[in-house]
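Q: Structure, please.
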Amino acid sequence: ISKQAMGEGGYSRRGRPALLAVVAAMAVFCSGLGVAGSGEVIITSIEPTVGSIAGGTRIIIHGSGFSFNTGGSGNEVFIGTEAKCAPVPLHSNTNQVACKTTALHNLLGPSMWRDTMNWEVRVRVDGAKDSTCVGTCVFAFRYEQNTPIVQHLLPLAVQPGVPSPPSRAPSQ
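A: Numbering: from 1, shown residues only. Modelled structure (predicted):
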């Protein structure tokens, strides 16, 4: 390009509209990817919808508008008003967030447990934007089906220095 065709700053006068079009297209593209300042945070579904009251269930939340910052402050996941779900960054992106549930006994105490506790799942993005649910957004903590229970522990006691006999489960 000749010096005459170049404007101030070294940019082609003919190239400015094209550059503006590229910048505008990038802004439209990024607005759907969960860039700060963009549109809504939407949850379309979660899986699984049931987990143990003991915690440790990995939930995948599907939707859009989640943060590029997949660490702790980028996407905060709440189950109901009490339980936080610890983010799993390796399995998170702008269209899904993975997290690991917290044990309910840490939050409620044993006297508050019920057979099934259904709570809404929410995601707060970059500390500011809360999600809107357009699908299934309820997670159920269950005691009876999804919580491991120790039924037998043998031997019940051993004398120090004496080898314990082989253990057998009690017959029923």
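Q: So which residues of the chain form strands?
A: Under the criterion DSSP state E, strands of the chain are mapped to 42-47, 50-52, 58-64, 75-79, 83-87, 96-100, 116-125, 129-130, 132-133, 138-142.
Q: other SSEs contacting the first one?
A: With contacts taken as 3 or more Cβ pairs under 8 Å, 6 or more residues apart in numbering; DSSP states H and E, strand 42-47 sits against strand 58-64, strand 116-125, strand 132-133. In short, each C-beta sits where N, CA and C put it, glycine included.
Q: And residue 32, what's its pLDDT?
A: pLDDT recorded at residue 32 is 40.
Q: Figure out which of the helices and strands packed on strand 42-47 is closest to residue 90.
A: strand 58-64 (10.8 Å; Cβ to Cβ).
Q: quick one: low-confidence parts of this structure?
A: 1-38, 70-72, 105-116, 144-145, 164-172 (pLDDT under 70).
Q: can you do 50?
A: 1-3, 5-6, 11-12, 19-37 (pLDDT under 50).
Q: that older thread, residue 100: which of the helices and strands packed on strand 42-47 is closest?
A: strand 58-64 (5.4 Å).
Q: strands paired with the closest one, and their directions?
A: strand 42-47 (antiparallel), strand 96-100 (antiparallel) (DSSP bridges).
Q: mind listing what residue 43 touches?
A: 61, 62, 63, 121, 122, 123, 131, 132, 133, 134, 135, 137 (Cβ atoms under 8 Å, 6 or more residues apart in numbering).
Q: Across the sheet, point out what pairs with the closest residue in space to the fifth one that isn't next to it in sequence.
A: Taking Cβ to Cβ, 6 or more residues apart in numbering as the measure, residue 122 lies nearest to residue 78, with 4.7 Å between them; neighbours along the chain are not counted. Following DSSP bridges, residue 78 is listed with bridge partners residue 84, residue 122.
Q: Burial check on residue 78, number of neighbours?
A: 18 (other Cβ atoms under 10 Å).
Q: Is it in contact with residue 87, as I believe?
A: No: judged on Cβ atoms under 8 Å, residue 78 makes no contact with residue 87 at a distance of 11.6 Å.
Q: before we move on, back to that, got a quick ChimeraX command for the buried subset of the contacts of residue 43?
A: The following ChimeraX line selects those of the contacts of residue 43 that are buried, judged by 16 or more other Cβ atoms under 10 Å:
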select :61,62,63,121,122,123,131,133,137
